[in-house]
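Chemist: below are the sequence and a predicted model for it; my questions follow.
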Amino acid sequence: MGKPAKPSSAAPPPTPPKTVHSALLTYASMLSLLSLCPPFVILLWYTMVHADGSVVRTYQHLRDHGLLEGLRSVWPMPTVAAGKIILGFALFEAALQLLLPGKRFEGPVSPSGNVPVYKANGLQAYAVTLATYLSLWWFGIFNPAIVYDHLGEIYSTLVFGSFVFCILLYIKGHVAPSSSDSGSSGNVIIDFYWGMELYPRIGKQFDIKVFTNCRFGMMSWAVLAVTYCIKQYEMNGRVADSMLVNTALMLIYITKFYWWESGYWCTMDIAHDRAGFYICWGCLVWVPSIYTSPGMYLVNHPVNLGPQLALSILLAGILCIYINYDCDRQRQEFRRTNGKCSVWGKAPSKIVASYQTTNGEIKTSLLLTSGWWGLTRHFHYVPEILSAFFWTVPALFDHFLPYFYVIFLTILLLDRAKRDDDRCSSKYGKYWKTYCNKVPYRVIPGIY
């Protein structure tokens with residue numbers, strides 16, 4: 001797990017995860033996502049691959065056959081072939097996570113005073129994964145088009161397999177938690193959905209959230225982006241410029257993620273959200289299906305943008321990805337130097353905020369109020385949403401469904417901004433009020 005901070009007094013029982021919405025909205029949203037996300041993944045795949053991307057055609061199918069029978073008829077059964085592909089990929093990524101060298105990285109102090117320790121080898125794993133995948137295709141050992149051909153079965157297997165995985169995480173949280181950053185809310189649904197443990201591990205070295213979020217979820221996104229390119233090439237003998245722009249922007253974004261991976265370990269996903277259905281099932285199933293969906297659509301819907309439009313979209317997307325990266329880099333550098341750095345050519349403006357951990361220890365944090373972080377409290381979400389738009393817009397506007405990911409991402413990040421603000425308000429108290437007075441807008445300057 002890492003090294004515990006020295007407690008100033010006996011540590012109290014761990015604090016269970018808190019909800020930031022009303023009880024009714026919390027339960028309604030949890031039960032809705034638990035029940036609706038799995039069939040939605042299958043319906044999205046079916047619509048993209050077998051219904052020409054048309055939501056209307058899928059709706060007509062469900063209306064004509066009845067909801068349950070219509071869904072049953074399009075839902076592929078998990079297969080041995082799909083299981084072998086998933087298991088092979090998962091074992092390969094787990095081996096890279098454990099065996100590749102990497103620098104030691106200490107995450108932020110947890111609510112219970114623990115300091116998680118990681119091995120930063122994500123960029124190496126990413127390079128090895130793509131090089132291996134492309135080499136297997138180039139030398140005729142494995143055809144990535146097979147992955148696309150079995151995509152429905154793969155998603156079906158992931159839906160059920162990842163649900164079982166989350167049940168095992170729930171049980172582990174009760175019987176064998178990896179650290180003191182764990183505990184129950186007393187409600188089975190909340191514990192399963194939000195998770196029991198903040199930093200679950202197998203042994204001392206294998207971090208489960210790093211695997212689900214970074215090594216399986218994000219890596220599968222990159223692998224599937226390449227897969228869609230190869231499938232379109234095999235179908236048409238060429239790759240349309242729309243697919244090239246989509247794939248290039250996705251891979252640039254994912255490369256940025258792995259370049260900055262240690263920074264990701266300090267974000268809400270890892271440092272605050274526990275390992276449950278919301279995070280783990282989402283990364284194991286939702287990321288490889290929903291996040292890759294614009295490329296999935298383009299396989300059967302090649303669009304010829306022309307050099308000028310394609311280049312314009314590509315450059316706009318790269319600019320947004322760079323701004324997103326620079327926002328995170330700016331804050332990470334500010335934290336690394338304890339505020340002794342330059343932000344946009346000036347000394348940073350900051351607020352010194354103190355807080356108390358659950359074991360009673362008083363600690364201090366610096367809140368950056370200049371640079372990108374002086375525009376809004378979560379400005380980095382703006383270029384992230386725009387990046388997603390620019391790798392989706394090569395599909396143009398014949399169908400609505402390719403844009404579902406952009407809409408979903410917008411809702412996700414706005415909700416995350418609210419949850420983060422509520423968490424920080426609870427953590428920092430009066431210091432957070434001072435921060436909000438200095439940086440009044442949450443996401444969009446002058447608007448929200």
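Modeler: Cool, the structure landed.

Chemist: show me what counts as buried in the longest helix anywhere in the chain.
Modeler: Longest helix in the chain by number of residues, with DSSP state H as the criterion: helix 307-336. The neighbour-count check on helix 307-336 (16 or more other CB atoms under 10 Å) flags 309-310, 313-314, 316-318, 320-321, 323-325, 327-331, 333-335 as buried. Backbone N, C-alpha and C define where each C-beta goes, glycine included.

Chemist: strands paired with the helix or strand just after that helix, and their directions?
Modeler: Once the chain leaves helix 307-336, the next helix or strand it forms, by DSSP states H and E, is strand 350-356. According to DSSP bridges, strand 350-356 forms sheet pairs with strand 362-368 (antiparallel).

Chemist: ok, and what's touching the strand it pairs with?
Modeler: 8, 109, 330-331, 334-335, 338-339, 343, 348-357, 374, 428, 431-432, 435 (CB atoms under 8 Å, 6 or more residues apart in numbering).

Chemist: for whatever helix or strand comes next after that strand, give the mean pLDDT please.
Modeler: Moving toward the C-terminus from strand 362-368, the next helix or strand (DSSP H and E) is helix 372-375. Across helix 372-375, pLDDT averages out at 94.

Chemist: mean confidence score for the next helix or strand after helix 372-375?
Modeler: From helix 372-375 onward toward the C-terminus, using DSSP H and E, the following helix or strand is helix 381-392. In this model, helix 381-392 has a mean pLDDT of 97.

Chemist: which strands or helices does helix 381-392 pack on?
Modeler: helix 241-259, helix 307-336, helix 404-428 (3 or more CB pairs under 8 Å, 6 or more residues apart in numbering; DSSP states H and E).

Chemist: and the strands in this structure?
Modeler: Using DSSP state E, the strands of the chain run over 2-4, 103-106, 114-120, 201-202, 206-207, 350-356, 362-368.

Chemist: as TSV, these with mean pLDDT and mean neighbour count would be great.
Modeler: Formatted as TSV, those follow (pLDDT from 0 to 100; neighbours: other CB atoms under 10 Å):
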stretch	mean pLDDT	mean neighbour count
strand 2-4	47	15
strand 103-106	94	12
strand 114-120	94	19
strand 201-202	96	17
strand 206-207	96	20
strand 350-356	88	15
strand 362-368	87	16
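
Chemist: how about a markdown table for these, with distance to residue 214 added?
Modeler: Below are these laid out as a markdown table (distance: least, CB to CB, whole Å):
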| stretch | distance to residue 214 |
| --- | --- |
| strand 2-4 | 17 |
| strand 103-106 | 12 |
| strand 114-120 | 10 |
| strand 201-202 | 14 |
| strand 206-207 | 9 |
| strand 350-356 | 27 |
| strand 362-368 | 25 |
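
Chemist: out of those, which comes closest to residue 391?
Modeler: In terms of CB to CB, the element of the strands of the chain nearest to residue 391 is strand 114-120, at 26.3 Å.

Chemist: and the angle from the closest one to helix 241-259?
Modeler: Counting by axes from the mean of the first three to the mean of the last three CA atoms, to 10 degrees, strand 114-120 lies at 130 degrees to helix 241-259.

Chemist: list the contacts of strand 114-120.
Modeler: Contacts of strand 114-120 (CB under 8 Å, 6+ apart): 1-5, 97, 101-110, 179-181, 199, 205, 207, 210, 261-262, 265.

Chemist: could I get the CA-only coordinates of stretch 82-91 as PDB?
Modeler: Output of stretch 82-91 as PDB, limited to C-alpha atoms (Å, rounded to 0.1, in the frame of the first residue of the first chain):
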ATOM      1  CA  ALA A  82     -14.200 -13.500 -26.600                       C
ATOM      2  CA  GLY A  83     -13.000 -14.800 -23.200                       C
ATOM      3  CA  LYS A  84      -9.700 -15.800 -24.700                       C
ATOM      4  CA  ILE A  85      -9.200 -12.300 -26.200                       C
ATOM      5  CA  ILE A  86     -10.100 -10.500 -23.000                       C
ATOM      6  CA  LEU A  87      -8.000 -12.900 -20.800                       C
ATOM      7  CA  GLY A  88      -5.000 -12.700 -23.000                       C
ATOM      8  CA  PHE A  89      -5.100  -8.900 -23.100                       C
ATOM      9  CA  ALA A  90      -5.700  -8.600 -19.300                       C
ATOM     10  CA  LEU A  91      -2.800 -11.000 -18.500                       C
END
